[in-house]
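Q: Predicted model follows, preceded by the sequence.
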Amino acid sequence: MGEEEIPDIDLKKTVEEGKKEVMDLRMKEIEKNLKKIKHKIVIISGKGGVGKTTVAVNLAMSLASIGLRVGIIDVDITGPNVIKMLGVNPEMKPRVDVEVKKFYPVNGPLNVKVVSMAFLTDSTDSPVIWRGPMKMGAVRQFLGDVFWGELDYLICDLPPGTSDETLDILQLIPDENVIVVSTPQEVAVMDARKTIKMAMIMKRKILGIIENMSGFKCPHCEKYIDLYPPGGVEKASRDYNVELLGKIPFETEVSQQGDRGLPFVLKFPDSESTKAFKAVVNKIQKLLGK
Ligand SMILES: [Zn+2]
């Protein structure tokens with residue numbers, strides 16, 4: 001018996017190619033599944049705590065309030081707060097079609113379709129501790145295995161920062177439009193600039209920046225006070241030539257609503273913050289077409 005012939009293959013290369021093949025296949029599935037969604041908007045921020053999720057939720061509600069069909073997907077695995085802010089019961093479990101292994105989103109206020117990592121955990125109080133590959137698997141499922149149906153807008157709330165995870169998710173969503181959220185705080189603007197640069201390097205389409213906590217409305221005299229030196233977000237938008245979509249003020253009563261389970265654009269329709277969101281929606285519709 002002669003010695004067994006070992007084929008001359010580069011195993012590492014083969015594994016990499018295999019991974020790429022699976023990824024391409026998955027991306028094709030995702031693209032097909034999201035085909036009936038007119039506009040995909042991804043909300044990112046450089047830094048945590050700038051109100052990214054608040055912006056995502058209230059933007060979704062503002063779009064839905066003018067009769068548009070909207071979905072929202074919570075892929076901020078660091079803190080899936082979307083359903084809490086929408087007032088959706090975390091006990092609600094998405095309906096699964098076992099035959100085709102796909103599931104239906106849960107209906108939120110104004111019929112907004114919601115899918116969240118929080119549905120996969122037992123309680124909203126326990127932070128989601130997932131291993132990287134598991135997280136990515138769940139995100140891919142949210143995009144590829146959910147019956148979204150026909151939508152005008154799908155809003156995706158991404159984790160903050162420029163981690164590999166965020167980059168991976170950004171890469172998964174076809175023809176997405178990126179919105180960067182920042183407060184006027186210097187460190188937030190600095191991180192937002194990094195995020196814009198990252199999105200540009202990845203050749204993603206940046207729709208614009210939203211300045212959140214843009215001035216504080218004094219509850220006593222109703223005058224606006226700058227919480228941080230103003231102008232940083234505007235400068236970033238000029239430097240990178242991206243649209244400043246709007247400035248959302250900080251109003252105590254309105255902002256406190258965030259944790260109470262009804263998005264403020266519904267609870268305070270006449271507030272300055274709601275008006276600011278309406279202006280943002282107008283700008284988005286102009287940029288993307290009605
Ligand atoms: Zn005052």
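A: Noted; the coordinates are in hand.

Q: Identify all contacting residues around the helix or strand bottoming out on mean pLDDT in the chain.
A: Every helix and strand of the chain was ranked by mean pLDDT, DSSP states H and E. The lowest is helix 252-256, at a mean of 76. Here helix 252-256 makes contact (CB atoms under 8 Å, 6 or more residues apart in numbering) with 54, 217, 219, 264, 267-268, 271, 273-274. To be clear about C-beta, it is placed using only N, CA and C from the backbone, and glycine gets the same treatment.

Q: Quick check: of those, which lies closest to residue 192?
A: Residue 192 has its nearest neighbour among the contacts of helix 252-256 in residue 54, at 15.8 Å by CB to CB.

Q: Look up phi and psi at residue 91.
A: Per-residue torsions, residue 91: phi -70, psi -20 (degrees, to the nearest 10).

Q: Okay, it and residue 118: tell me how far apart.
A: For residue 91, the distance to residue 118 equals 10 Å [CB to CB, to the nearest Å].

Q: Can I get the longest helix anywhere in the chain in PDB? Just the C-alpha atoms.
A: Secondary structure assigned by DSSP state H gives helix 11-33 as the longest helix of the chain. This file holds the C-alpha atoms of helix 11-33, laid out as PDB (Å, rounded to 0.1, in the frame of the first residue of the first chain):
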ATOM      1  CA  LEU A  11      -6.700  24.800   4.900                       C
ATOM      2  CA  LYS A  12      -6.900  28.300   6.400                       C
ATOM      3  CA  LYS A  13      -7.800  29.800   3.000                       C
ATOM      4  CA  THR A  14     -10.400  27.100   2.500                       C
ATOM      5  CA  VAL A  15     -12.000  27.900   5.800                       C
ATOM      6  CA  GLU A  16     -12.000  31.600   5.000                       C
ATOM      7  CA  GLU A  17     -13.600  31.000   1.600                       C
ATOM      8  CA  GLY A  18     -16.200  28.800   3.200                       C
ATOM      9  CA  LYS A  19     -17.100  31.500   5.700                       C
ATOM     10  CA  LYS A  20     -17.300  34.000   3.000                       C
ATOM     11  CA  GLU A  21     -19.600  31.700   1.000                       C
ATOM     12  CA  VAL A  22     -22.000  31.300   4.000                       C
ATOM     13  CA  MET A  23     -21.900  35.000   4.600                       C
ATOM     14  CA  ASP A  24     -22.700  35.800   0.900                       C
ATOM     15  CA  LEU A  25     -25.600  33.300   1.000                       C
ATOM     16  CA  ARG A  26     -27.000  34.800   4.200                       C
ATOM     17  CA  MET A  27     -26.700  38.300   2.700                       C
ATOM     18  CA  LYS A  28     -28.600  37.200  -0.300                       C
ATOM     19  CA  GLU A  29     -31.400  35.800   1.900                       C
ATOM     20  CA  ILE A  30     -31.500  39.100   3.900                       C
ATOM     21  CA  GLU A  31     -31.700  41.200   0.700                       C
ATOM     22  CA  LYS A  32     -34.500  39.100  -0.500                       C
ATOM     23  CA  ASN A  33     -36.400  39.200   2.800                       C
END
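
Q: could you give the mean pLDDT of it?
A: For helix 11-33, mean pLDDT rounds to 87.

Q: can you check stretch 135-155 too?
A: Here the average pLDDT along stretch 135-155 is 90.

Q: ok, now which ones touch residue 244?
A: Each residue near residue 244 by CB under 8 Å, 6+ apart is listed here: 208-209, 211, 233-234, 237.
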